[in-house]
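Participant: Here's my sequence, what's the structure:
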Amino acid sequence: MMNISKKYEVLEQSYDLQTIFMEYKEKANLDINNENLKENFLDFLQEIISDGYIKLGQWDDNFIEFKELIISPKEQVNLIRKKWPVYYNPHVPELDIEGLWWEVECPVGLAEYPNWEKITKDLECEIK
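Facilitator: Modelled structure (predicted):
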């Protein structure tokens with residue numbers, strides 16, 4: 001479990017799931033080929049969803065409306081887990097977890113940008 005100040009550091013430069021992933025990878029000092037990266041990141045993602053810091057959404061079947069997911073944080077993260085590439089290849093968009101995978105394969109996206117009011121309030125409580 002990551003403390004709130006570390007979560008803040010990851011989220012402060014993030015505007016979509018790809019940047020959350022890239023910031024997490026950098027702050028956790030994990031290489032793209034690290035076998036723990038996927039599960040550690042997905043655990044982190046589940047934490048920040050549970051904390052109410054972000055909300056995930058998904059396009060409807062006709063790609064007309066993007067709706068917030070109304071399922072548990074674990075189920076939300078499992079949608080990503082099921083589509084996560086088996087290995088990394090920056091030259092194949094479907095396998096480029098540092099790049100295009102988030103646009104062409106990831107089944108969800110941010111429905112709401114980080115909730116800075118909640119994060120700041122929790123950060124103030126952590127400091128006290």
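
Participant: dump the residue contacts of Thr120.
Facilitator: For Thr120, no contacting residues are found, by Cβ atoms under 8 Å, 6 or more residues apart in numbering. Heads up, the C-betas are built off the backbone N, CA and C, glycines and all.

Participant: how much space is there between it and Phe66?
Facilitator: For Thr120, the distance to Phe66 (Cβ to Cβ, to the nearest Å) stands at 26 Å.

Participant: Would you map the helices across this structure?
Facilitator: 4-11, 17-27, 37-50, 73-83, 101-104, 116-127 (DSSP state H).

Participant: what packs against the longest one?
Facilitator: Read that as helix 37-50. helix 4-11, helix 17-27, helix 73-83 (3 or more Cβ pairs under 8 Å, 6 or more residues apart in numbering; DSSP states H and E).

Participant: Would you reformat those helices as JSON lines and include distance to Glu47, mean pLDDT and mean neighbour count?
Facilitator: Converted to JSON lines, the helices and strands packed on helix 37-50 look like this (distance: least, Cβ to Cβ, whole Å; pLDDT from 0 to 100; neighbours: other Cβ atoms under 10 Å):
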{"stretch": "helix 4-11", "distance to Glu47": "8", "mean pLDDT": "92", "mean neighbour count": "18"}
{"stretch": "helix 17-27", "distance to Glu47": "11", "mean pLDDT": "96", "mean neighbour count": "18"}
{"stretch": "helix 73-83", "distance to Glu47": "8", "mean pLDDT": "97", "mean neighbour count": "16"}
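
Participant: so which of those comes closest to Lys38?
Facilitator: helix 73-83 (7.9 Å; Cβ to Cβ).

Participant: now the angle from that closest one to helix 17-27?
Facilitator: Per axes from the mean of the first three to the mean of the last three Cα atoms, to 10 degrees, the angle that helix 73-83 makes with helix 17-27 is 90 degrees.
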